[in-house]
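Enquirer: show me the folded form of this:
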Amino acid sequence: MATTSIRLDQELIEKATIMAKALNRTAPKQIEHWAKIGGIMEDNPELPYEFVKQAIIAKAEREAGKLERYDFG
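Expert: Have a look, this model is predicted:
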């Protein structure tokens, strides 16, 4: 993945640093996470945040091979 340096507001960086520490991420990874969720939410304004969050978790579980088959009924 290519990277690019950008200028960000210091307050955003401070908030990201606090959240990143709490969630065991780096500040740049926290900002990437927020951007990812923001993009999904803009593309799907009808979806609640919790649904988007769970979809991201499910995708990560699938990529890690940790999903179990679910049989309806």
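
Enquirer: need the pLDDT of the residue nearest to the spatial centre of the chain.
Expert: The centroid of the chain falls nearest to His33 when counting by CA atoms, centre = their mean (3.4 Å). With respect to pLDDT, His33 scores 94.

Enquirer: again with Leu67
Expert: At Leu67, the pLDDT recorded in the model is 79.

Enquirer: before we move on, which element is it in?
Expert: Leu67 belongs to no helix or strand when elements are defined using DSSP states H and E.

Enquirer: how near is it to Thr17?
Expert: 33 Å (CB to CB, to the nearest Å). (Each C-beta comes from the backbone N, C-alpha and C, glycine too.)

Enquirer: those two: who's more crowded?
Expert: A count of neighbours by other CB atoms under 10 Å puts Thr17 above the other of Leu67 and Thr17, at 16 against 11.

Enquirer: next, the more buried one: phi, psi?
Expert: Main-chain torsions, Thr17, degrees, to the nearest 10: phi -60, psi -40.

Enquirer: where does Lys15 sit, in terms of helix or strand?
Expert: Assessed by DSSP H and E, Lys15 sits inside helix 10-22.

Enquirer: how far does the next helix-or-strand element following that helix sit from its chain's centre?
Expert: Counting by DSSP H and E, the element after helix 10-22 in chain order, helix or strand, is helix 27-43. Remark: helix 27-43 is offset 5 Å from the chain centroid, using CA atoms, centre = their mean, to the nearest Å.

Enquirer: show me what helix 27-43 is packed against.
Expert: helix 10-22, helix 49-63 (3 or more CB pairs under 8 Å, 6 or more residues apart in numbering; DSSP states H and E).

Enquirer: which one of those helices is the most hemmed in?
Expert: Highest mean neighbour count among these (mean count of other CB atoms under 10 Å): helix 10-22, with a mean of 13.

Enquirer: just the CA atoms of that one, as CSV, please.
Expert: Presented in CSV, the C-alpha positions along helix 10-22 are these (Å, rounded to 0.1, in the frame of the first residue of the first chain):
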residue,chain,number,x,y,z
GLN,A,10,-3.8,19.0,15.8
GLU,A,11,-7.1,18.5,17.7
LEU,A,12,-7.9,15.6,15.4
ILE,A,13,-4.5,14.0,15.9
GLU,A,14,-4.9,14.4,19.7
LYS,A,15,-8.3,12.7,19.7
ALA,A,16,-7.0,9.9,17.5
THR,A,17,-4.0,9.4,19.8
ILE,A,18,-6.2,9.0,22.8
MET,A,19,-8.6,6.6,21.0
ALA,A,20,-5.7,4.7,19.5
LYS,A,21,-4.1,4.1,22.9
ALA,A,22,-7.4,2.9,24.3
